[in-house]
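Asks: here is the input, now give the coordinates:
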Amino acid sequence: MTDRESKAGAAVAPTGPTSGSSLNSSEELPIELSTDPMRFAPVNATTSVFFDETNKQVFVVSEGSPDLLVKSLDSDEEEAIPLGRGPVISVKFSLDHRVLSIQRTSRTVVFHNRGAGLDPAEYSQSCKSKLSSHLLGFVWTGTREVAFITSLGLEYYAVNPEKRSLKLIKSYSISVNWYVYSHENRVLLLSTALQANQLQPYLFKDGGVTRLSKFEVELPAAYNQLSPKLLERDVYLAPLYQRLYCMVVRNKPRGGPAEITLLRLTRDTTTRVAVLALDQSGRFAINTVDNLILVHHQISKSTCIFDLKWSTVGRDGNYLDGHSVEVLHPMMRPRSIAAPPRHNDDTVSRTNLYSSSWIVFQPDIVIDARLGYLWTLHFNLDRMAELIPSKTKLLKFLLRRGDAKETILRVIFDAIKPETQCELGVISQMFDQINHIYARRLLGSTTPQGIILPQLGSEAIAVNQSDMYKGVFLALEDTKIKYQFMVKVLVDYIRSLSYFGVTVEHFLYELVINLLVRHNRYYQLHQFLQYHVINDSKPVACLLLSLESKYPPAFQLALDMLKRLATANEEIVDVLVGKDQLLLALRFLRSLGPEAVATVSPRRFLEAAYNTGDSSLFYIVYKFFEERNVTLRKRPEFRKGEECEAFVAHFNKLFNQQITVD
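Replies: The predicted structure is shown next:
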């Protein structure tokens, strides 16, 4: 049995020592087995276990039991399904779980409808190729489409549960040794030729199948040319950074270090793009987690991590034989994955890392068939942060991970806080790294300054200003960071945002202003405003107004800022009226033109003038609006809707005039 047959229980690598790993936590990789594994009946002389990679389901068949037991990765419930008579070679559900399919013989698959309103009586389909052929396996490519892979080709069927029948859509004649299927990409890879090194891909899409370009995997010259040498266990299909790759493990003759060839598959071509250099030989197994390649080696009980976007320089240079095939080395030396947590369950406590009974499935499944456990692999990003000393390289790595925002913010926080503080130049680079992605998400491919931003994968994480404000800058206020350095950090973050054309949120400016005011650095604040380190905005102007009692020039700075905005006329009038600078407010209104004067509320000004107790000021304000009334309505009286009756009466009393409200 190979590493990826539907029936679980094969080894990840050759049988080796059975003792548990003795590595301590400092020698472990940041890769962990899931803390709550799926549990099922272990494989033994009377129990067989099958795993469906497509639906991530485990099927258990026991001698003497009339039921098939099914467990899913996303549910703790176990379902018992009547099994019927006959042997079980393979078993799978359709994608919508309405049809159960069981391979009973070397040529036949039987189907059982389970959906509501469907006839439950079984129906079957035998492969249509010659009687000398046999069924290597089958895969559901859609809710109503299934592909049979036989020793003589591919047969693609449409399943009709209502009519309990299958219809052949397409067939291809080709001699097949074995196959590998990637459900995520709906790509099937068939091995053909005597050496099994000619691979024919097929793409399933929209109920149809397309044959893609065949390619050949180069084998070492020392291999025997008469017998197949490329094995199914050495070939993997996996999507990485939105592209599909075929990974081929190549062991060299005479026991030299193995390597993994990466071939990128497209509709038209297959291109060798990289070679993963391994320092070990023997059998390997591969998982992919979060766009990272994990290469397991059972004999040494270790795993290597590769990242296609991680820059490494090999011992012999970056490229192979002077061609554009990059040689990649592991991100760090091989280490053991982290041991699963200990529970009271004695079975779990006996879990043996890299056991000979382990079998792996794509992308992140590890099954121990003897113990009856299924784990998923997870990355501990906080642990990864401890293993990469360079902050900029670490951040570049984390920004490509799917769920790393909290870790990213923690890494930036650690780079700034006093105990683990980096140089400002390093922090500046980190800001540029996150804001490059943030700007690309926010603005598209080109910034207002004309900076071309490279295309990003969908996996890239955008850390926005609110994230930084809450997760980093506010948290730093609880540390003993020197305010001078904090100001430099904030100003550099603002610089980075501006460089990438991102509008700076007002709360960042407020943070800078409050920090400077708290330490009486008014001269520096004045300079920041004068040289537009702090950009104009209404919230910033309002904050400056509130500082007038501590720093009187702040009032004029705020007023100048509001004038420059040219969209804050109402706010300027509010400020002047609130400061009882009514004459200045009236002059400002007049400078805006007749429309501004016509729309303003006279009651507000008259009330403010009345409250000052200055009769001369009240007279001037009153006459200003009386003149406005004449301009608007050819009469000096106020309208009743303007609610100025009390002020008209006050004016008549003060100056012995008889003016009424119209």
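Asks: give me the helix or strand of this protein that scores worst on average pLDDT.
Replies: One helix or strand of the chain scores below all others by mean pLDDT, DSSP states H and E: helix 346-349, with a mean of 52.
Asks: can you give me the buried ones in stretch 383-402?
Replies: Residues 383-385, 387-388, 391-392, 394-401 are the ones in stretch 383-402 that count as buried (16 or more other CB atoms under 10 Å). C-beta coordinates here come from the backbone N, C-alpha and C atoms, glycine included.
Asks: so which of these sit within helices?
Replies: Assigned to helices by DSSP state H, the following of those qualify: R383, M384, A385, L387, K391, T392, L394, L395, K396, F397, L398.
Asks: which one of the residues you listed is nearest to L212?
Replies: L212 has its nearest neighbour among these in F397, at 32.5 Å by CB to CB.
Asks: now the residue positioned nearest the centre of the chain: closest residue in space that isn't a chain neighbour?
Replies: By CA atoms, centre = their mean, the chain has its centre lying nearest to G402, at 2.9 Å. Take G402 and drop its neighbours on the chain: the residue closest to it by CB to CB, 6 or more residues apart in numbering is D290, 5.4 Å away.
Asks: hmm, back to that, after the least confident helix or strand of the chain comes which helix or strand?
Replies: Once the chain leaves helix 346-349, the next helix or strand it forms, by DSSP states H and E, is strand 358-361.
Asks: that following strand - contacts with which helices or strands?
Replies: Applying 3 or more CB pairs under 8 Å, 6 or more residues apart in numbering; DSSP states H and E, one finds that strand 358-361 contacts strand 284-289, strand 365-368.
Asks: which of these sits closest to K163?
Replies: Closest among these, using CB to CB: strand 365-368, at 35.1 Å.
Asks: let's see the closest one as CSV, backbone CA atoms only.
Replies: Output in CSV follows, covering the C-alpha atoms of strand 365-368 (Å, rounded to 0.1, in the frame of the first residue of the first chain):
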residue,chain,number,x,y,z
ILE,A,365,-3.7,15.4,7.4
VAL,A,366,-1.7,12.9,9.5
ILE,A,367,-3.3,9.6,10.4
ASP,A,368,-2.0,6.9,12.8
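Asks: so after that strand, what's the next helix or strand?
Replies: Trace forward from strand 365-368 with DSSP H and E and the next one is strand 373-379.
Asks: parallel or antiparallel, list what pairs with that next one.
Replies: Looking at strand 373-379 with DSSP bridges, its partner strands are strand 28-33 (antiparallel), strand 38-39 (antiparallel), strand 365-368 (antiparallel).
Asks: quick one: contacts of the longest one?
Replies: Residues outside strand 28-33 that contact it (CB atoms under 8 Å, 6 or more residues apart in numbering): 289, 294, 303, 305, 332, 335-340, 366, 375-384, 386-387.
Asks: output that strand as CSV, restricted to C-alpha atoms.
Replies: These are the backbone C-alpha positions of strand 28-33, laid out as CSV (Å, rounded to 0.1, in the frame of the first residue of the first chain):
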residue,chain,number,x,y,z
GLU,A,28,10.9,21.5,18.0
LEU,A,29,9.5,23.1,14.9
PRO,A,30,6.6,25.5,15.1
ILE,A,31,4.4,22.8,13.7
GLU,A,32,1.9,21.2,15.9
LEU,A,33,-0.6,18.3,15.7
